[in-house]
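**Q** what follows is a predicted structure for the sequence shown.
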Amino acid sequence: MAPTRYDITLECEYLIIEPFPGQQLVASGRVHAVGLGSEAKVLKDDELTWNIKGQLILDLSLGSPLAANDNVQTEFRMIDTRADFAATFSKAELVKDFTVAIKGGFTFASGDDPSAPFVALSGNFKFKFPCMYGDVVEISNVDGEVNVGSFSAALGNSRLTLYCLPKVGDRVYDVSVVIDSVAVGPLAVTDVSVTGAGILLESGASAFTGSVAGSLKVAGSSRYCSPCHRHPL
């Protein structure tokens, strides 16, 4: 059977879904599917298999509406996200094999009033599914702001790498965080840099090894925070 090509675009301007009783989410955006659609083959014992592969291009948002005017109060959005996938189906095993590689950008915002608690983050991500040994989940170029009560923080160019199925002694994660400023009431820390890695222990916990540095200010004074390292989590 000859391969089938496809090119499909789905758009949604405003869709309210209720994943759990009493919890509503607003979905909107665009999904563009393109690629080699399907190819059926007959293998041994007359077993029919169906191979499908292609690419999804997504620009989607998911948020919670305000009851008063249905504006989105909390929103997570995937921007120019590309998912390359391949799957094999059969009557005997239904899904014999499935892989997907996803990369793109994201934004997250909760609250739009600077005087009220709010969180605003943006960055890029990349991962594979299934996530096998040697594969990683990467979250990079993350920046944003957090403001909750007397606590506020401005996040700079930060990165987190998670390692899939680590063994004892392997890295669980690598982290590099740049915080331009953190304030809790009169206490302020500026130019904070956190770099390090988590190592898997035999107990199943991880141990952090790395450094934390910054400038601490209280009522006009300042103090440099020396690096620290190796803290079990």
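**A** Sure thing, it's come through.

**Q** where does the chain have low pLDDT?
**A** 1-6, 14, 19-20, 22-23, 36-48, 65-73, 91-96, 111-116, 218-233 (pLDDT under 70).

**Q** strands of that one, start to end?
**A** Remark: strands assigned in the chain by DSSP state E are 4-20, 23-42, 48-65, 72-90, 94-110, 118-129, 136-148, 151-163, 171-184, 187-200, 206-218, 221-225, 231-232.

**Q** buried residues, stretch 163-180. List them.
**A** 163-164, 166, 171-179 (16 or more other CB atoms under 10 Å). From N, CA and C alone the C-beta is placed, and that goes for glycine too.

**Q** let's have these in a markdown table, adding distance to residue 97.
**A** Shown next, in a markdown table, are the buried residues of stretch 163-180 (distance: CB to CB, whole Å):
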| residue | distance to residue 97 |
| --- | --- |
| 163 | 23 |
| 164 | 18 |
| 166 | 24 |
| 171 | 28 |
| 172 | 27 |
| 173 | 28 |
| 174 | 30 |
| 175 | 33 |
| 176 | 35 |
| 177 | 37 |
| 178 | 40 |
| 179 | 42 |
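
**Q** middle-most residue in the chain, spatially?
**A** The residue lying closest to the centre of the chain (CA atoms, centre = their mean) is residue 125, at 5.7 Å.

**Q** thinking it is in contact with residue 103, fair?
**A** Yes - when contacts are counted by CB atoms under 8 Å, residue 125 is listed as touching residue 103 (6.9 Å).

**Q** thinking again about what came up before, which one of the buried residues of stretch 163-180 is nearest residue 148?
**A** Distances from residue 148 to these, taken as CB to CB, are shortest for residue 179 (14.9 Å).

**Q** pretty sure the closest one sits against residue 212.
**A** No - contact criterion CB under 8 Å: residue 179 and residue 212 do not qualify, at 10.1 Å.

**Q** mutual contacts of the two, please.
**A** Counting by CB atoms under 8 Å, 6 or more residues apart in numbering, the common neighbours of residue 179 and residue 212 are 192-194.

**Q** let me have those in TSV, adding neighbour count and distance to residue 150 as columns.
**A** Output for the shared contacts of residue 179 and residue 212, formatted as TSV (neighbours: other CB atoms under 10 Å; distance: CB to CB, whole Å):
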residue	neighbour count	distance to residue 150
192	20	18
193	17	23
194	17	22
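
**Q** what about stretch 59-74, start to end distance?
**A** Taking CA to CA, to the nearest Å, stretch 59-74 runs 17 Å from one end to the other.

**Q** settle this for me: residue 49 is touching residue 89, isn't it.
**A** Yes - with contact defined as CB under 8 Å, residue 49 reaches residue 89; the gap is 6.8 Å.
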